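**Q** task: produce atomic coordinates for the following.
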Amino acid sequence: MIRAAYDPTRRWAAPAGLAALAVLIFTAGCAPARGMLAHATPTRGTPTVPPPLPETAPPPAAAPGTLLLRNSTGIEICYVNVAPSEADSWGPNQLSEGETIPDGGARAFTRVPRGDYDLLVRDCDRKVIAQANRVPLGDAAFTWLLGEMVAPTFVNRGAEALCELYLSPSFAGSWGPNLLSEGEPIGPGQPFNLRTVPAGMYDVRTVTCAGTEAEARQVEVTADLTYTFGE
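**A** Predicted coordinates:
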C-alpha cells in the first residue's frame, strides 16, 4: 500500500470568529484489514520523520529453490520422492493425494532447501520411471526433463564378465543402484536389454566380476542405442 507523505506545512485555517479550534477525531469501527497496518495520525504541526528502512537481510544458509519436473515419458506420474541423500528412506510422496503429472505436464516443487537430494519418480503402479542420486538443489531453479521411455541395449565385448552396471543422469553426483541382479552377470559377448528409462544424457559405469572399472560420460541414451563395453 502506498501512503501519501505527511506534510507538516499544510495547516487547516480556522475561520475568523471562532474561539477555539475544532478537532476532528476519526475512530475506526473495526480492526485493519489483513495486510494493512494501523497507524496513528501525527500531531498537527509536528514534523514526522519516517523510520529508516531495515537493512536487507542476507539470504539464509538454506536458501529455498525450485525443482521442476517436466513429463514427456508417455506415462502418468503418480509418485515423486525427494529425499536428502543422507536419509535412510525416501519419505512421503511429494504429490498430493489424487494428484498426478500427466504426460506433457509439469510440476514445480518450491522452497527446496539447499542440499543434495535423491530423486525417485514412479508411475501409478509404483514402477520406477527414473531415479537420480545426489542432485544438488536449492541454489537455483532446476529442471528435470523426463524424455520418452526407451530401452537401450548394452553388449559386453570384453574378455571378462560384468557384475555391475550403473546408469545415472549426467547431472547427478552419485551412481545409484547396480542395475544387474546379483548372480546375473553379463558374460563376454552377451547383450543386456536394460529396463526402459527416459531418453537423455547419462553417465555409464561398469565393473567386471574381477573388479576392473570403466566409465563413460555424457552418453546420449536413445531408443536405438546399442552400447558396447570392452572394445
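**Q** only C-alpha atoms from now on, for both contacts and neighbour counts.
**A** Will do.
**Q** what are the buried residues along the helix or strand harbouring residue 70?
**A** With elements taken from DSSP states H and E, the one containing residue 70 is strand 65-71. By neighbour count on 16 or more other Cα atoms under 10 Å, the buried set for strand 65-71 is 65-71.
**Q** for these, which one is nearest residue 194?
**A** residue 71 (20.6 Å; Cα to Cα).
**Q** in terms of pLDDT, where does the closest one sit?
**A** We have a pLDDT of 98 for residue 71.
**Q** from residue 86, how far off is it?
**A** Counting by Cα to Cα, to the nearest Å, the gap from residue 71 to residue 86 is 27 Å.
**Q** for the residue most central in space within the chain, name its beta-bridge partners.
**A** What sits nearest the mean C-alpha location of the chain, by Cα atoms, centre = their mean, is residue 67, with 1.7 Å. Judged by DSSP bridges, the bridge partners of residue 67 are residue 109, residue 142.
**Q** look up how far residue 205 lies from it.
**A** 26 Å.
**Q** now do the same contact list for residue 183.
**A** residue 163 (Cα atoms under 8 Å, 6 or more residues apart in numbering).
**Q** gap between it and residue 165?
**A** Separation of residue 183 from residue 165 (Cα to Cα) stands at 13 Å.
**Q** and residue 99, by the same measure?
**A** With Cα to Cα as the criterion, residue 99 and residue 165 are 34 Å apart.
**Q** who has more neighbours, the two?
**A** Counted by other Cα atoms under 10 Å, residue 99 and residue 165 do not tie: residue 165 has more neighbours, with 23 against 11.
**Q** buried residues in stretch 170-186?
**A** Buried-residue list, stretch 170-186, by 16+ other Cα under 10 Å: 170-176, 180, 185-186.
**Q** ah, wrong one, I meant stretch 215-231
**A** 219, 221-222, 227-229.
**Q** farthest-apart pair in those residues, please.
**A** 222 and 229 (17.0 Å).
**Q** can you tell me the closest non-neighbouring residue to residue 148?
**A** Using Cα to Cα, 6 or more residues apart in numbering and skipping the chain neighbours, the partner closest in space to residue 148 is residue 73 (4.0 Å).
**Q** measure that neighbour to residue 177 for me?
**A** 21 Å.
**Q** can you report phi and psi for residue 184?
**A** Main-chain torsions, residue 184, degrees, to the nearest 10: phi -120, psi 70.
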